[in-house]
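In: Curious how this folds, go ahead:
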Amino acid sequence: MAEQSDFFADPFGRIWRSVPQIWATIFAPDAAERARHIRDLHLGIKGVDSAGRRFHALDPETFWWAHATFTWHMFRTAELFFPRDALSGADRERLYAETVTWYARYGVSMRPVPPDYGAFQDAFDAFCAERLEMTVPAARSIEIARTEGIGAVPFVPSLVLRMNRPMLRRLGTLVAIGCLPEPVRERFGIEWTSAERRRF
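Out: I've put the predicted structure just below:
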């Protein structure tokens, strides 16, 4: 899949182009139409991976996993950065149900979608513990977070980035590595020092 993506040539540009489209599948008046458009952009993303296994971006579990990472990060963001407004059990169930409604708009099989928040958390944890692989693109993402930091960012003058690069590199590392699920850091031996944990 990495060969079919321009992410590493322009990571922040790719994020800048992609995130508004994804948010539109939630909030735009034509959200369902936009979701189907995003689904259809993935029709041609298929092939054979480095282990000789056939893949397709619209495989139900693959497509759901991409959505699941957004879902997990919404809950994790609330836990990490808004602890005073802790989500109740009912809040979690309601928010999770809304993410299922959002996912249904893509028109992909709902077979892998867990029925409630508890089942979602179990499925997500199982993916992290058993299914994820440290692929070349994943390792490259960790390397960028660790050593290269933030490159070009849309609408931010290059001079501002150059002047603040050391601080931005540290911040980028803390956010990128700190926001990973703990089992993923442990399973793949991703460095996360006690000093970084405190700063995070």
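In: Which helix or strand contains the most centrally placed residue in the chain?
Out: With the centre of the chain defined as its mean C-alpha position, the nearest residue by C-alpha atoms, centre = their mean is residue 69, 4.6 Å away. With the criterion set as DSSP states H and E, the secondary-structure element containing residue 69 is helix 60-81.
In: This protein: helices as residue ranges?
Out: If DSSP state H is used as the criterion, the helices of the chain fall at 11-27, 31-41, 60-81, 89-104, 117-126, 136-143, 158-163, 165-178, 182-187, 194-199.
In: Between those, which has the poorest mean confidence score?
Out: The stretch with the lowest mean pLDDT among the helices of the chain is helix 158-163, which comes in at a mean of 69.
In: Residue 110 touches residue 104, doesn't it?
Out: Yes: using C-beta atoms under 8 Å, residue 110 makes contact with residue 104 at a distance of 6.4 Å. In short, each C-beta sits where N, CA and C put it, glycine included.
In: ok, the residue nearest to residue 47 when sequence neighbours are not counted - contacts?
Out: Nearest residue to residue 47, sequence neighbours excluded (C-beta to C-beta, 6 or more residues apart in numbering): residue 55, at 6.4 Å. Residues touching residue 55, when contacts are defined by C-beta atoms under 8 Å, 6 or more residues apart in numbering, comprise 1, 46, 47, 48, 49, 62.
In: List the contacts of the residue lying closest to residue 80 once chain neighbours are set aside.
Out: When the adjacent residues along the chain are set aside, residue 80 lies closest to residue 179, with 7.4 Å between them (C-beta to C-beta, 6+ apart). By C-beta under 8 Å, 6+ apart, the residues touching residue 179 are 73, 76, 80.
In: residues near the first one, how many?
Out: Taking other C-beta atoms under 10 Å as the neighbour definition, residue 73 ends up with a count of 13.
In: List the residues that contact the residue nearest to residue 132 when sequence neighbours are not counted.
Out: Nearest-residue entry for residue 132: residue 184, 6.5 Å, with adjacent residues in sequence omitted and distances by C-beta to C-beta, 6+ apart. Taking C-beta under 8 Å, 6+ apart as the contact definition, residue 184 lies against 128, 132, 190.
In: Which ChimeraX command selects the buried ones in these?
Out: For the buried members of these, the matching ChimeraX selection, counting by 16 or more other C-beta atoms under 10 Å, is:
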select :128,190
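In: Now for residue 110 and residue 104: what residues contact both?
Out: Shared between the contact lists of residue 110 and residue 104 (criterion: C-beta under 8 Å, 6+ apart) there are no residues.
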